[in-house]
Each structure stands twice: as structure tokens, then as C-alpha cells.
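A.B. asks: Sequence first, predicted model second:
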Amino acid sequence: MSDATQYDVLSIGAHPDDVEVGTGGVLIDLVKRGYRCGMVILTQGEMGTGGTPDIRRKELQRAAGIMGVDVLKTFDWGDTKLEDSYDKRQALAAVIRAARPRLILCPYPHVGHGRRQSHPDHVAAGIITINATNLAALQKAEVPGERHLVTRILHYFLPHGVTPTLVVDITDHFDQWISALKAHESQFLNPEKSKDYIDSLTSMSRSFGLVARCRYGQGFVSVEPLQIKDLMCLVEGQDEDRA
């Protein structure tokens with residue numbers, strides 16, 4: 001990645017398929033709108049039931065190609081062992097400074113409650129990202145590149161009981177999103193696994209769509225209030241019959 005390359009959106013995940021699962025439909029939409037999107041993965045996904053780091057790396061590249069998104073960096077910070085540390089903040093902050101995104105998407109940084117509690121790696125990825133984003137903005141931080149202030153962070157992988165702040169309609173991109181998911185054959189088309197993950201992810205997207213009055217959606221939380229200049233932008237283009 002050239003130091004001069006600037007991205008509008010950076011989506012960060014713990015494992016090689018996280019970005020596709022939580023933000024893939026949105027990234028497809030943004031790319032089609034002319035925005036430049038990149039992704040960063042914090043582990044090799046080596047603890048997955050299927051695949052090896054090499055297989056998962058190739059699947060990641062295929063999925064990224066389907067979405068039209070660049071893979072900026074894949075770290076090797078330990079699948080199931082991911083934890084926040086200052087050196088990880090520095091490394092991710094360097095990527096953020098080089099990419100200079102206005103928007104970052106990353107996992108929800110808190111553990112959910114009950115049987116559907118969040119994967120520890122997802123939570124750690126959210127925490128690392130928040131801290132790295134802060135570090136990237138500090139003038140005196142020991143991080144390569146010019147300081148960069150990200151405009152907004154939105155969180156995906158919302159645990160049970162957390163209501164999304166916003167839902168993005170991905171209905172027009174649903175088939176392409178599913179194709180990107182299926183590129184991860186070792187995870188979602190693996191005969192060793194009894195669960196139909198594609199069906200589960202379709203149901204999840206449909207549930208977000210139901211609450212937002214569209215067919216398929218992906219949900220996000222914004223910790224900070226959203227600033228709206230034109231209140232009517234919230235109702236423009238809405239079609240109640242799509243659901």
C-alpha cells in the first residue's frame with residue numbers, strides 16, 4: 001500500500017471472514033457508490049475447524065475481489081489469543097495513518113451476556129481498533145506517518161440485546177454478498193460442519209431488515225450521537241413495501 005493511498009472506509013476484523021460476515025454487503029454498496037474501501041484482519045484464523053492459514057488467506061483474497069475491496073494487511077496476532085497491547089495499537093495505528101479513512105467499521109468492543117456472548121477475539125479486535133484509532137490521531141505518538149483523525153467508528157457483530165443505531169439496506173447486493181461469503185469455502189461450505197452458516201447469516205440479515213423495513217440489512221452501533229444536517233435524509237428513498 002502506497003503512503004499516498006487514501007481510503008474512505010476501513011473495515012477491521014479478527015478473523016479472515018469477519019469483515020465479510022458483518023460488513024460485506026455494506027462494503028459492496030459503498031464500492032458501487034464510488035468509495036474506496038479497505039480491510040484489515042488481525043489473525044490468520046488458524047484455529048478454525050476448517051482450512052489452514054494459507055487456505056484462509058486465499059479465500060480472503062477471493063472474497064475481497066468479489067466485493068471490490070483491498071486487503072491492506074493481515075496480522076498474525078493469534079486466533080483465540082487476541083489481546084489488546086500497546087505494540088498492536090502502534091501497528092494498527094500505522095495502517096490507519098497510511099490508509100487515512102474517514103470511517104472505520106470494527107466489532108462491538110464489549111462482551112454480550114448469556115449463551116450468545118461475543119467471541120473474545122471479536123471483542124479484542126474492537127478494543128484494539130478503538131485504541132489504535134486514538135493513537136493514530138496523536139501528534140507525538142511513536143507511529144509512522146502523519147497523524148490522522150478518523151471521523152467516525154461504527155461497530156458490527158452486535159451481541160444479543162444490543163439494538164443497532166442504524167441498519168444499512170443491502171437488498172440490492174444480497175446475492176453478491178452471499179458469493180463473497182461462499183468464497184470462504186473452508187468455513188461456510190465445509191461438509192465437516194453440521195450448521196448451515198449461509199442460512200444462519202441470511203436469517204441474521206433478514207432480521208436486521210425486518211426492523212428497518214427492508215428485505216436484507218446489516219446493523220451497526222455508533223457510540224457517539226450521529227450528527228444529521230438534513231433531518232429529511234432519514235426518510236428519503238424509503239420504501240415500506242420492500243420488506
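C.D. replies: Received the coordinates, thanks.
A.B. asks: Tell me where this protein has helices.
C.D. replies: Secondary structure of the chain (DSSP state H): helices located at 18-32, 53-67, 86-99, 120-136, 174-182, 185-188, 197-212.
A.B. asks: can those go into TSV with extra columns for mean pLDDT, distance to Cys106 and mean neighbour count?
C.D. replies: In this view, the C-beta of every residue, glycine as well, is placed from N, C-alpha and C. Output for the helices of the chain, formatted as TSV (pLDDT from 0 to 100; distance: least, C-beta to C-beta, whole Å; neighbours: other C-beta atoms under 10 Å):
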stretch	mean pLDDT	distance to Cys106	mean neighbour count
helix 18-32	98	9	25
helix 53-67	98	17	19
helix 86-99	98	10	20
helix 120-136	97	4	23
helix 174-182	98	18	20
helix 185-188	94	20	20
helix 197-212	96	18	16
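A.B. asks: Of the ones you listed, which is nearest Leu10?
C.D. replies: Taking C-beta to C-beta as the criterion, Leu10 comes closest to helix 86-99 out of the helices of the chain, the separation being 5.4 Å.
A.B. asks: List the contacts of the closest one.
C.D. replies: Under the criterion C-beta atoms under 8 Å, 6 or more residues apart in numbering, residues 1, 3, 5-7, 10, 12, 38, 40, 42, 72-73, 75, 77, 104, 128-129, 131-133, 135-136, 141-148, 150 lie in contact with helix 86-99.
A.B. asks: Just the buried residues of those.
C.D. replies: The neighbour-count test (16 or more other C-beta atoms under 10 Å) marks 7, 10, 12, 38, 40, 42, 72-73, 75, 77, 104, 128-129, 131-133, 135-136, 141, 143, 145, 148, 150 as buried among the contacts of helix 86-99.
A.B. asks: How many residues are close by Met232?
C.D. replies: 7 (other C-beta atoms under 10 Å).
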